[in-house]
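J.: Below are the sequence and a predicted model for it; my questions follow.
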Amino acid sequence: MRLVVDWDGTITVQDSLVQVIHRFGDPAILAELEPRVGVDLTLHEEIAAEFAAITAPLPEVVGWVLENVEVRPGLHELAAHDPLVISAGFHELIEPVLEREAARLEVLANHVDARPDGWVVRFRDQAACATCGEPCKRGSLAGEPYVYVGDGYSDRCAALAAERIFARDALATYLDERGIGYEPFEDLRDVVAALAT
Ligand SMILES: [Mg+2]
Ligand SMILES: [Zn+2]
């Protein structure tokens, strides 16, 4: 079965978008907008507003990401399962980390145009999902059963449609609150070991 894995906070130890906002953007915007996602803002609207406040050149941010973004143990073992990485983040910040790790994975993510007057996010999929009402990861995964591995808000709708869910952090809390079963994980070796059973 297809293995689908979130990037930030799932493959990476911390959410690299949040790390980049704290280093190069305005954390006050993050603090103000994050609680409004799913209330009066879509995730896309939140991300677009947060990155519009970043004006640093892309090579500088990529260099910082390469020095500061860590991946969880087990990425190479996970790569052997030929996963699809699906992210609300950007190819421009994901691919260099995969290259650093010498991991070749298929990635579905957004693009960013790092303009000096504020980054502009080019979202891959703008269509509102029929289930959750905002553009989400589920739409890209329709048609084939899959195992989903995730940690956060952007994973909720896609995880609910999965045959099997691995969850941590906010996604685990969300599923707990709804009484939906999942397998917890701390690092990617946990996922790989469970897949073998
Ligand atoms: Mg995540
Ligand atoms: Zn959805």
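T.: Nice, I can see it. Numbering: from 1, shown residues only. Ligands and ions are numbered 1, 2, ... in the order given.

J.: C-alpha only now, for contacts and for neighbours.
T.: OK.

J.: who in this structure is up against ligand 2?
T.: Contact residues (CA under 5 Å from the ion) of the chain with ligand 2: Cys129, Thr131, Cys132, Cys136, Cys157.

J.: List the contacts of the fourth one.
T.: In this structure, Cys136 makes contact with Asp125, Ala128, Cys129, Ser154, Cys157, Ala158, judged by CA atoms under 8 Å, 6 or more residues apart in numbering.

J.: re earlier: which one of the residues of the chain next to ligand 2 is nearest Ile21?
T.: For these, the minimum distance to Ile21 (CA to CA) is 21.6 Å, reached by Cys136.

J.: what's the spacing between the closest one and Leu75?
T.: 24 Å (CA to CA, to the nearest Å).

J.: again, but for Met1
T.: To Leu75, Met1 is 18 Å away according to CA to CA.

J.: Between those two, which is the more surrounded one?
T.: Leu75 (19 against 11; other CA atoms under 10 Å).

J.: quick one, what contacts the more buried one?
T.: For Leu75, the contacting residues are Ile11, Ala103, Leu188, Arg189, by CA under 8 Å, 6+ apart.

J.: Quick one, grab the pLDDT at it.
T.: Looking at Leu75, its pLDDT stands at 98.

J.: That's all I had, so thanks and see you.
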